[in-house]
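Colleague: Just to be clear, the model below is a prediction. Sequence and coordinates:
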Amino acid sequence: MPLILPVHNIHPRFGNDCFIAENATIAGDVVMGNQCSVWFQAVVRGDVHYIRIGNKVNIQDGAIIHCTYQKAPVNIGNNVSIGHRAIVHGCTLHDNVLVGMGSIIMDGCVVESNSIVAAGAVLLEGTHVPSGSIYAGVPARKVKEVSKELFEGEIMRIADNYVLYKSWFS
């Protein structure tokens, strides 16, 4: 059974048709939309600020979503995939974003819609990723634009697949 904890009497809230893995942890001021999934050993910790998550968001195995006290909440749009062991901290991810495995997104970053943060990339504090961009490296820099094929074949495919995968466990 997942560990779902209130903090200061604020309980996490979930939309319809969500899957929370049995060893995931969700705490505090977290509001999640519909058709979301939080996978094995993922942590979504809204204890020091709020976390808002849209519809059809998947938070993959071992990922961490956290904030900075009184400074930086987390806002995540719709159709967002957060890869295995990624860290999303005090930032904003707009709609249709793919966060690659093991990447780190720091406080104050904004990743606009239809963008990809490559596996292992590190977005330093305050980085702004324009819509339709791919950022890679340490520190992350723009490497190219998201093509129609990448948008459909990666961003949307992965978000859709995780809706399917969660149905295998529900």
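Modeller: Yep, it's here.
Colleague: From now on I want contacts and neighbour counts done on CA atoms only, so please keep to that.
Modeller: Fine.
Colleague: Touching, R45 and A24? I think so.
Modeller: No - using C-alpha atoms under 8 Å, R45 is not in contact with A24, being 10.7 Å away.
Colleague: name the helices or strands packed onto the one helix or strand H49 maps to?
Modeller: Element membership for H49, per DSSP states H and E: strand 43-53. Strand 43-53 is packed against strand 25-32, strand 64-66, strand 74-76, with contacts defined by 3 or more C-alpha pairs under 8 Å, 6 or more residues apart in numbering; DSSP states H and E.
Colleague: quick one: strands adjacent to the next helix or strand after it?
Modeller: Counting by DSSP H and E, the next helix or strand C-terminal to strand 43-53 is strand 58-59. Here strand 58-59 is paired, per DSSP bridges, with strand 37-38 (parallel), strand 81-82 (parallel).
Colleague: Pull out the buried residues from the helix ranked longest in the chain.
Modeller: Counting residues, the longest helix in the chain under DSSP state H turns out to be helix 157-167. Along helix 157-167, these residues count as buried under the neighbour rule (16 or more other C-alpha atoms under 10 Å): I158, A159, D160, Y162, V163, K166.
Colleague: Contacts for stretch 71-81, please.
Modeller: Here stretch 71-81 makes contact (C-alpha atoms under 8 Å, 6 or more residues apart in numbering) with 49-60, 65-67, 88-99, 107-108, 155-156, 158-159.
Colleague: repeat that for 7 Å
Modeller: 49-59, 67, 89-99, 107-108, 158-159 (C-alpha atoms under 7 Å, 6 or more residues apart in numbering).
Colleague: Output the lowest mean pLDDT helix or strand found in this structure.
Modeller: Every helix and strand of the chain was ranked by mean pLDDT, DSSP states H and E. The lowest is helix 148-150, at a mean of 95.
Colleague: And the pLDDT at S170?
Modeller: Note for S170: predicted pLDDT of 72.
Colleague: which residues touch it?
Modeller: F19.
Colleague: do D47 as well
Modeller: V7, A27, G28, D29.
Colleague: could you redo the last one with a cut-off of 6 Å?
Modeller: Contact analysis of D47 by C-alpha atoms under 6 Å, 6 or more residues apart in numbering lists V7, G28.
Colleague: How about the contacts made by the most centrally placed residue in the chain?
Modeller: Against the mean C-alpha coordinate of the chain, by C-alpha atoms, centre = their mean, the closest residue is I82 at 4.2 Å. Residues near I82 by C-alpha under 6 Å, 6+ apart: I59, Q60, V99.
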